[in-house]
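J.: Have a look; sequence and predicted model below, questions after that.
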Amino acid sequence: MSTTKAYSRSRRMFLASLLGTAGGTAGLCALLADDKDKATRKDPYVGKRRKRRFQPMLGAGEKIRITKLETLKVQPRWLFLKVHTDAGIVGLGEPVVEGRASTVAAAVKQLETYLVGKDPRSVVHHWQAMYRHAFYRGGPVLTSAISGIDMALWDIKGKALGVPVYELLGGPTRSRVRVYAHASTPEAIRARSEEGFTAFKTGVFKHRPARIVETPGFVKRAAKRFEELREAAGDERDIGIDFHGAISPQTAKLLIKALEPYQPMFIEEPVQCQNVDVMADIARGTHLPIATGERIFTKWGFRELLEKGAASILQPDMCHAGGITEVRLIAGMAESYYAAIAPHNPLGPISLAAGIQLAGAIPNFLCQEQVHLGDGYIKQPFKVRDGYIDLPGGPGLGVELDEDALKEKIGHDWRNPQSYDADDGSVVDW
Ligand SMILES: [Mg+2]
């Protein structure tokens with residue numbers, strides 16, 4: 001008898017001895033069925049993972065040097081990066097702050113001086129140099145420039161070795177990656193469900209920007225809209241709600257209480273993130289998971305959040321927080337607090353590709369945000385099936401730009417909306 005069979009038999013005998021009465025028969029059957037189900041589950045990495053093999057583009061010991069960094073503004077509001085090398089390998093990244101594409105492009109240009117002539121494969125070393133040699137550390141512009149470059153360097157390293165990035169990081173930890181779509185009406189929930197999504201995110205329904213102290217009507221309308229979304233989605237799909245940091249702490253507490261009966265997947269940015277104590281106070285007042293992270297950068301930014309228990313779902317943006325190198329470390333920090341990672345991503349397909357590679361390399365991944373699967377930008381757009389995207393098998397980030405399709409999408413001047421209170425003209429968050 002094999003070891004597995006012997007274990008299975010001894011476990012059944014043990015369970016039978018515990019439940020050896022007539023009344024225990026039904027429970028025993030249920031346990032044994034569960035036992036059988038677990039025993040027959042397949043290891044997801046057997047077979048499928050090795051179907052696609054790619055040759056290394058660079059032999060062991062061969063030299064490679066960075067020759068140029070090229071940024072491209074791509075519609076609707078993105079910035080793509082190509083890191084060129086003398087070995088013919090081009091790494092892709094997405095270094096952008098929404099509404100500040102030109103500023104980040106300038107930051108990338110400044111970092112080019114350091115990178116040209118260097119071996120791109122020392123990814124972590126270059127991350128340290130770009131971050132620490134700046135003297136003034138962090139902030140959205142520098143970390144977004146580093147994030148895009150970091151993605152591109154991992155892409156080059158993966159292509160050089162002929163393996164996906166998640167393989168280089170010790171993965172895969174999963175065979176497919178759950179993604180969520182934006183949907184703010186019952187019709188949109190139904191349409192996205194038809195497309196294969198099982199998780200969604202909405203904003204707070206409001207007919208005007210929220211005031212510091214809101215009326216019962218404001219809270220009731222927002223809760224009613226979420227109730228309608230829950231009815232459309234049913235109880236087996238997930239819906240997160242993003243307060244966008246545009247609700248005051250006073251109103252956020254009332255609104256969270258009103259939403260609790262409909263069990264949102266998470267409450268995102270219930271308030272702005274600069275004062276972590278305020279968010280921690282809100283987190284202590286509800287059993288719903290608090291999510292935040294799109295405006296937090298590097299491991300140093302996420303440290304305080306975790307230590308104060310302000311959020312249990314971290315949403316670092318692959319394009320802002322420090323790239324694959326840094327978000328993997330943030331995930332490790334989060335794991336020690338039983339917190340999950342759900343990368344923020346309202347950006348393009350390279351950002352999505354980086355998030356998918358990360359998901360394939362960490363244990364505490366929850367769900368990946370996406371707004372575009374890459375059709376018209378990359379040669380093989382991502383496909384969603386049963387709520388998931390299969391882990392890609394291609395080398396590096398696993399995506400190639402569709403250069404012909406891109407030609408007509410080059411250039412934009414996207415700016416952030418400017419919002420004012422309709423009653424008194426004061427500046428409000430959007
Ligand atoms: Mg958000």
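T.: Looks like it came in fine. Residues are numbered from 1 along each chain as shown.

J.: All the helices of the stretch 151-300 of the chain, residue numbers only.
T.: 165-168, 186-194, 216-233, 249-259, 276-284, 298-307 (DSSP state H, counting those that start in this stretch).

J.: Next up, the contacts around His207.
T.: For His207, the contacting residues are Arg221, by Cβ atoms under 8 Å, 6 or more residues apart in numbering. (Glycine included, C-beta is placed from N, CA and C.)

J.: Quick check: the gap between it and Pro270.
T.: Noted for His207: a distance of 20 Å to Pro270, by Cβ to Cβ, to the nearest Å.

J.: Next up, the contacts around the residue nearest the centre of the chain.
T.: Of all residues in the chain, the one closest to the mean position by Cα atoms, centre = their mean is Pro343, 1.8 Å from it. Taking Cβ under 8 Å, 6+ apart, we find Pro343 in contact with 315-318, 327, 355, 358-359, 368-369.

J.: Tell me which of the residues you listed fall in strands.
T.: Among the contacts of Pro343, the members found in strands (DSSP state E) are 368-369.

J.: Identify the farthest-apart pair in the contacts of Pro343.
T.: The distance between the two most remote of the contacts of Pro343 (Cβ to Cβ) is 14.2 Å, for Asp317 and Ala359.

J.: Surely Gln368 and Ala340 touch.
T.: No: applying Cβ atoms under 8 Å as the test, Gln368 and Ala340 come out as separate, 11.6 Å apart.

J.: Between the two, which is the more surrounded one?
T.: Neighbour count, other Cβ atoms under 10 Å: between Gln368 and Ala340, Gln368 has more, with 25 against 22.

J.: how close does the more buried one get to Gly411?
T.: 28 Å.

J.: Please report how far the residue lying closest to Arg221 once chain neighbours are set aside lies from Gln315.
T.: Here the nearest residue to Arg221 in space, its sequence neighbours aside, is Phe205; by Cβ to Cβ, 6 or more residues apart in numbering that works out to 6.2 Å. The gap separating Phe205 from Gln315 is 21 Å, by Cβ to Cβ.

J.: how much space between Arg100 and Asn416?
T.: Distance from Arg100 to Asn416, by Cβ to Cβ: 9 Å.

J.: do the same with Lys224
T.: From Lys224 across to Asn416, the span is 29 Å (Cβ to Cβ).

J.: How about Pro95?
T.: 18 Å.

J.: So for those two, which residue has more residues nearby?
T.: Higher neighbour count among Pro95 and Asn416: Pro95, with 32 against 11, using other Cβ under 10 Å.

J.: which residues does the closest residue in space to that one that isn't next to it in sequence contact?
T.: In this structure, Pro95 finds its nearest non-sequential neighbour in Gly148, 2.3 Å apart by Cβ to Cβ, 6+ apart. Residues counted as contacts of Gly148 (Cβ under 8 Å, 6+ apart) are 79, 81, 93-96, 104, 108, 319, 323.

J.: List the ones among those that fall in helices.
T.: 104, 108, 323 (DSSP state H).

J.: so the last one touches Trp127, yeah?
T.: In this case it means Gly323. Yes: with contact defined as Cβ under 8 Å, Gly323 counts as touching Trp127 (7.2 Å).

J.: quick one: common contacting residues for those two?
T.: Shared contacts of Gly323 and Trp127 (Cβ under 8 Å, 6+ apart): 146, 150.

J.: out of those two, which sits in the more crowded spot?
T.: Comparing Gly323 with Trp127 by other Cβ under 10 Å, the one with more neighbours is Gly323, at 30 against 20.

J.: and that one, what does it touch?
T.: 93, 127, 146-151, 154, 354.

J.: what pLDDT does it get?
T.: With respect to pLDDT, Gly323 scores 98.

J.: State the helix or strand in which the closest residue to it other than its chain neighbours lies.
T.: Nearest residue to Gly323, sequence neighbours excluded (Cβ to Cβ, 6+ apart): Asp150, at 2.8 Å. Following DSSP states H and E, one finds Asp150 within helix 140-161.

J.: what's the angle between that helix and helix 298-307?
T.: Calculated by axes from the mean of the first three to the mean of the last three Cα atoms, to 10 degrees, helix 140-161 forms an angle of 110 degrees with helix 298-307.

J.: Using PDB, write out every CA atom in helix 140-161.
T.: C-alpha atoms of helix 140-161 as PDB (Å, rounded to 0.1, in the frame of the first residue of the first chain):
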ATOM      1  CA  PRO A 140       4.700  59.700  -6.200                       C
ATOM      2  CA  VAL A 141       6.900  61.000  -9.000                       C
ATOM      3  CA  LEU A 142      10.200  59.300  -8.100                       C
ATOM      4  CA  THR A 143       8.600  56.100  -7.000                       C
ATOM      5  CA  SER A 144       6.500  55.900 -10.100                       C
ATOM      6  CA  ALA A 145       9.500  56.500 -12.300                       C
ATOM      7  CA  ILE A 146      11.300  53.700 -10.400                       C
ATOM      8  CA  SER A 147       8.200  51.500 -10.600                       C
ATOM      9  CA  GLY A 148       8.100  51.600 -14.400                       C
ATOM     10  CA  ILE A 149      11.900  51.000 -14.700                       C
ATOM     11  CA  ASP A 150      11.700  48.200 -12.200                       C
ATOM     12  CA  MET A 151       9.000  46.400 -14.300                       C
ATOM     13  CA  ALA A 152      11.100  46.800 -17.400                       C
ATOM     14  CA  LEU A 153      14.300  45.400 -15.800                       C
ATOM     15  CA  TRP A 154      12.400  42.400 -14.600                       C
ATOM     16  CA  ASP A 155      11.000  42.000 -18.100                       C
ATOM     17  CA  ILE A 156      14.500  42.100 -19.500                       C
ATOM     18  CA  LYS A 157      15.800  39.600 -17.000                       C
ATOM     19  CA  GLY A 158      12.900  37.200 -17.700                       C
ATOM     20  CA  LYS A 159      13.400  37.500 -21.400                       C
ATOM     21  CA  ALA A 160      17.100  37.000 -21.100                       C
ATOM     22  CA  LEU A 161      16.500  33.700 -19.200                       C
END
